[in-house]
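Trainee: what follows is a protein structure lacking sequence information:
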């Protein structure tokens, strides 16, 4: 039997809401006006309130019986980090990875969401948060279509490799299948200020990459090995998820391509707009697609807290963050 389309579902929801509201209003009129035999304004007001309450209850019933959507859309925008905050104060804020994972998992738990539409507009970011989002998308039980808007690079492409298909615009920037690691070398600056580095560490490579000392050849080889291991993992994930040969991926040498060229290379399944991606979802589902956006739910207190955190971070990060001893590894 054919499922009702969006217009039919809207009509059905409206009928349910009106029916429940009418029944509640009639019951309210009987309880507060007819039975007491007091046709007062207060009784009529109670009957009206009963109708309003019935409409709200009817809305909930109608939403469950005739859901207004069957596709969940989740967005990954900006740099990918655990908290959504950049490493430095002037770094553009992105979508927190944990929030994206939460939204995808919520879509997976929603019986109404039969497909996942993943919007990607990101230059990449941290390795593990990117992999967490990829894993959540891969675990979704239903068609998963990723579509790139402006940029789907590095960590964004890592995420896309966990989806069934990747769509892009002809002028989208796609690729950058590589890993970069960096460290600040502040040795000369520290010398000018009269600062010296004194090592207290257990383990030969514990302070490898410390900013206030020169990196040794052994440390450089060790750190480069970590980057190479991340890269091999990236290649394996993309090759498996996108059904591409590892050789083709390595041949890209972490270059970015416009969508049209990426499609020719097989890095993108199809070219088109968001609407084209939605049409593809309809084709996979076999019914009309109705999309709703899944967004993180935060209380007013949480929103105020995040705003205060951003202000405090911008004011207090200062120069100290630039002398972080850790090597910054990003996709």
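Mentor: In hand now; what should we look at? All values derive from a computational prediction rather than experimental measurement.

Trainee: which helix or strand in the chain has the lowest average pLDDT?
Mentor: In the chain, no helix or strand scores lower on mean pLDDT, DSSP states H and E than helix 300-316, which sits at a mean of 46.

Trainee: which stretches of the stretch 151-300 of the chain have low pLDDT?
Mentor: Applying pLDDT under 70 to the stretch 151-300 of the chain picks out residues 297-300.

Trainee: return the set of buried residues in stretch 170-187.
Mentor: Within stretch 170-187, the residues that count as buried by 16 or more other CB atoms under 10 Å are 172-179, 183-184, 186-187. In short, each C-beta sits where N, CA and C put it, glycine included.

Trainee: and it, how far apart are its ends?
Mentor: With CA to CA, to the nearest Å applied, stretch 170-187 spans 46 Å between its terminal residues.

Trainee: list the neighbouring strands of the longest strand seen in the chain plus their orientation.
Mentor: Assignment by DSSP state E gives strand 144-153 as the longest strand of the chain. As defined by DSSP bridges, the strand partners of strand 144-153 come to strand 115-122 (parallel), strand 165-168 (parallel), strand 173-175 (parallel).

Trainee: got the contact list for it?
Mentor: When contacts are defined by CB atoms under 8 Å, 6 or more residues apart in numbering, strand 144-153 is touched by residues 115-124, 137-138, 156, 159-160, 162-169, 172-176, 256, 259, 268, 272, 274, 277, 280-281, 284.

Trainee: before we move on, back to that, right, and the strands paired with strand 144-153 - which one's nearest residue 78?
Mentor: When these are compared by CB to CB, strand 115-122 sits nearest residue 78, at 6.1 Å.

Trainee: quick one: mean pLDDT over the closest one.
Mentor: Mean pLDDT, strand 115-122: 97.

Trainee: give the buried residues for the very next helix or strand once past that strand.
Mentor: Using DSSP states H and E, the helix or strand that follows strand 115-122 in sequence is helix 127-139. By 16+ other CB under 10 Å, the buried positions in helix 127-139 come out as 127, 129-134, 136-138.

Trainee: same check, this time on stretch 35-49
Mentor: 43, 46-47.

Trainee: as JSON lines, those residues with secondary structure and pLDDT would be great.
Mentor: Below are these laid out as JSON lines (DSSP: H, G, I helix; E, B strand; the rest coil; pLDDT from 0 to 100):
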{"residue": "43", "secondary structure": "helix", "pLDDT": "71"}
{"residue": "46", "secondary structure": "helix", "pLDDT": "77"}
{"residue": "47", "secondary structure": "helix", "pLDDT": "72"}
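
Trainee: which one of those is nearest to residue 102?
Mentor: residue 46 (41.4 Å).

Trainee: and that closest one, what does it touch?
Mentor: 28, 31-32.

Trainee: redo that, cut-off 10 Å
Mentor: By CB atoms under 10 Å, 6 or more residues apart in numbering, residue 46 lies in contact with 28-29, 31-33, 40.

Trainee: with residue 102 instead?
Mentor: Neighbouring residues of residue 102 by CB under 10 Å, 6+ apart: 74, 96, 136, 294, 296-297.

Trainee: residue 133 too?
Mentor: 74, 76, 80, 95, 97-101, 103-104, 118, 120, 122, 155-156, 158-159, 162.

Trainee: narrow these to those in strands?
Mentor: Applying DSSP E to the contacts of residue 133, the entries found in strands are 74, 76, 118, 120, 122.

Trainee: distance of residue 122 relative to residue 180?
Mentor: The gap separating residue 122 from residue 180 is 15 Å, by CB to CB, to the nearest Å.
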